[in-house]
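A.B. asks: output the structure for:
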Amino acid sequence: MKSIITVSREFGSGGRSIAKEVAKKLGYEYFDVEMIERIAQTSGLDPEVMENAEEFSARKSLFGYAFIGRGTKETSMENYLWNKQRDMILELAEKGNCVIVGRCADYVLRDSENALHVFVHADMDYRAKRIVRLYGETNETPEKRLTDKDKMRKANYEYYTDREWGLAQNYDLTLNSGKLGQERCVDIICGLAMAE
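C.D. replies: Sure, this is the predicted structure:
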């Protein structure tokens, strides 16, 4: 049985909703943006400042990341947040029975025997329709919104992990939510998590 499930996802694929349902069905704790709130509580920093730092970090291009000094003594807010999130992910893994969305958790826990790493994706048409239904129209096309958000996730993931975001070999399971449906994805993940 896997006591930790990490869920990475393309924007609009329903990965977050799937992760929430998996946590509910298994009786596991669920962590996503709640991690920032916890870090803010323990560090004394303003959660809004930290959330903005995370958003700013995700907006950087791969080119932009070259200039923030990952290996330097000076720590940016983005790097501080990354380090705190990594520490929290490791702490959560020690306790087990949790589902963690994003935050490079699949990479942080890549050597954990108790973790199941999942990547959720879907085709552009499915995701475009879904984000319009959930978040409404904006002055940008749904396709542009999807592409931009995925670029941010990709840049953030690849900067902090030196691995390719969405590459099947980095995960135990990849699921096409557009073809399988969210309910089936939840059942598959839960089934694998509970298998001996």
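
A.B. asks: in three-state terms, label Ala155 for me.
C.D. replies: Each residue gets one of three states, and Ala155 gets helix by DSSP: H, G, I helix; E, B strand; the rest coil.

A.B. asks: tell me the pLDDT of it.
C.D. replies: With respect to pLDDT, Ala155 has a value of 91.

A.B. asks: tell me the spacing between it and Arg86.
C.D. replies: Distance of Ala155 to Arg86, computed by Cβ to Cβ, to the nearest Å: 18 Å. In short, each C-beta sits where N, CA and C put it, glycine included.

A.B. asks: what about the two, which has more around it?
C.D. replies: Using other Cβ atoms under 10 Å, the more surrounded residue of Ala155 and Arg86 is Ala155, with 20 against 17.

A.B. asks: tell me the first helix or strand C-terminal of the lowest-mean-pLDDT helix or strand in the chain.
C.D. replies: In the chain, the helix or strand scored least confidently by mean pLDDT, DSSP states H and E is helix 62-65, which has a mean of 44. Using DSSP states H and E, the helix or strand that directly follows helix 62-65 along the chain is helix 77-95.

A.B. asks: all the strands of the chain, residue numbers only.
C.D. replies: For the chain, the strands defined by DSSP state E cover 4-9, 29-31, 98-101, 115-121, 173-176.

A.B. asks: check contacts around Ile189.
C.D. replies: Contacts here follow Cβ atoms under 8 Å, 6 or more residues apart in numbering; on that basis Ile189 touches 5, 7, 18, 22, 116, 118, 173, 175.

A.B. asks: surely the last one and Phe119 touch.
C.D. replies: Yes. Checked against Cβ atoms under 8 Å, the pair Leu175 and Phe119 is within contact range at 7.4 Å.

A.B. asks: more neighbours, these two?
C.D. replies: The neighbour comparison of Leu175 against Phe119 (other Cβ under 10 Å) goes to Leu175, with 25 against 22.

A.B. asks: what bridges to that one?
C.D. replies: Beta-bridge partners for Leu175, by DSSP bridges, are Val120.
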